[in-house]
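*Asks:* What shape does this take:
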Amino acid sequence: MSRRNEIWLVIALVFLGLCGALALLARKASNTMRRQTRLLQEHSAALAESYDALERSTLDAIESLNATVEAKDPYTAGHSARVRKVALALGDELGLSKDELDALRLGGLFHDIGKIAIPDAILLKPARLTEDEFERMKEHSAEGARIVGKLSRLGPIVPIIRHHHERWDGCGYPDGLAGQDIPLLAAIVGLADAWDAMTTERPYAPAMAREDAREEIRRGNGTQFAPAVAQAMLRIAERHPAELGLAPQHAAV
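*Replies:* Numbers count the residues shown, from 1 in each chain. Predicted coordinates for the structure are as follows:
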């Protein structure tokens, strides 16, 4: 009996020893995991900060490219800022969300950034383009989408840049989209772009009178321009002409 008790005592001591060792190992493992988790969180935060810094640098570079495009041609100086202003007015009139308005703000500003890839001989030509030159010029929308698509935070504006020259009747570019297939924000920037082109002095065409430009919007309603967007433009011209650069006394539609 005494021998049996000794055996049980030894087994109990071994068991307690094993339990203690397991507890110690578990504690060390837990501490190691907490330390590794903390290090991983620190590394993740540093990586996120580096990524944000990289995106900010890329955005700065895109803004510089955009400024370079406008600086090349004195006739289009301020064009992007005016397109952005008109596009935001249209977005407000159409009751768009804050996120959509934010996309319009950047999409309007960067819609022509792809022109950085167009040769100066075409971009700055002081006359109407030949058919071949115009085909080359049309590449700027797809090229701009490719440039901007490299920055993840600008993902929402890629369709704006690519499709702002599509037409409601399907005769636009680069993809020949028609009707409701055209993203609404692209249709808005497209009309804002057309408005500024019509009402700004260009080397190959004088600026249209405001009423003539409004008449072009009416004629293009449902062919070149999305009906809802064209109608919103005409309402703004009547009620808030200053947002389109119109003097109040000339605002009647």
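*Asks:* need the helices for the stretch 1-150 of the chain, in chain order.
*Replies:* Along the stretch 1-150 of the chain, counting by DSSP state H, counting those that start in this stretch, helices occupy 2-72, 79-93, 98-110, 120-123, 131-137, 139-148.
*Asks:* So which of those is nearest Thr200?
*Replies:* Of all the helices of the stretch 1-150 of the chain, helix 79-93 sits nearest to Thr200, with 7.0 Å by C-beta to C-beta. C-betas here are computed from N, CA, C, even on glycine.
*Asks:* and the angle from that closest one to helix 98-110?
*Replies:* Relative orientation of helix 79-93 versus helix 98-110 (axes from the mean of the first three to the mean of the last three C-alpha atoms, to 10 degrees): 160 degrees.
*Asks:* got the contact list for helix 79-93?
*Replies:* 66, 70, 100-101, 104-105, 107-112, 185, 188-189, 191-193, 195-196, 200, 229, 232-233, 235-236, 240, 243-245 (C-beta atoms under 8 Å, 6 or more residues apart in numbering).
*Asks:* what comes up buried for that helix?
*Replies:* 79-80, 82-91, 93 (16 or more other C-beta atoms under 10 Å).
*Asks:* secondary structure element for Gly190?
*Replies:* Assessed by DSSP states H and E, Gly190 sits inside helix 184-199.
*Asks:* C-terminal to that helix, which secondary structure element comes first?
*Replies:* Later in the chain than helix 184-199, the nearest helix or strand by DSSP H and E is helix 210-220.
*Asks:* And the next helix or strand past that following helix?
*Replies:* helix 227-239.
*Asks:* Any idea how far the helix holding Gly190 is from the middle of the chain?
*Replies:* Relative to its chain's centre, helix 184-199 lies at 16 Å (C-alpha atoms, centre = their mean, to the nearest Å).
*Asks:* just how off-centre is stretch 200-218 within its chain?
*Replies:* The answer for stretch 200-218 is 28 Å, by C-alpha atoms, centre = their mean.
*Asks:* Need the residues that contact that stretch.
*Replies:* Residues contacting stretch 200-218 (C-beta under 8 Å, 6+ apart): 75-76, 79, 82, 126-128, 191, 194-195, 198-199, 225, 230, 233-234, 237, 246, 250, 253.
*Asks:* Show me what the helix or strand of the chain with the lowest mean pLDDT is packed against.
*Replies:* Among the helices and strands of the chain, helix 2-72 carries the lowest confidence by mean pLDDT, DSSP states H and E, at a mean of 77. Counting contacts by 3 or more C-beta pairs under 8 Å, 6 or more residues apart in numbering; DSSP states H and E, helix 2-72 packs against helix 79-93, helix 98-110, helix 139-148.
*Asks:* what is the orientation angle of the first one with helix 227-239?
*Replies:* Taking the same axes, to 10 degrees, helix 79-93 and helix 227-239 form an angle of 100 degrees between their directions.
*Asks:* the inter-axis angle of helix 79-93 versus helix 2-72?
*Replies:* Going by the same axes, to 10 degrees, helix 79-93 makes 120 degrees with helix 2-72.
*Asks:* and helix 79-93 with helix 184-199, angle?
*Replies:* For helix 79-93 against helix 184-199, the angle by the same axes, to 10 degrees is 130 degrees.
*Asks:* Do me a favour and average the pLDDT over helix 79-93.
*Replies:* The pLDDT scores in helix 79-93 average 94.
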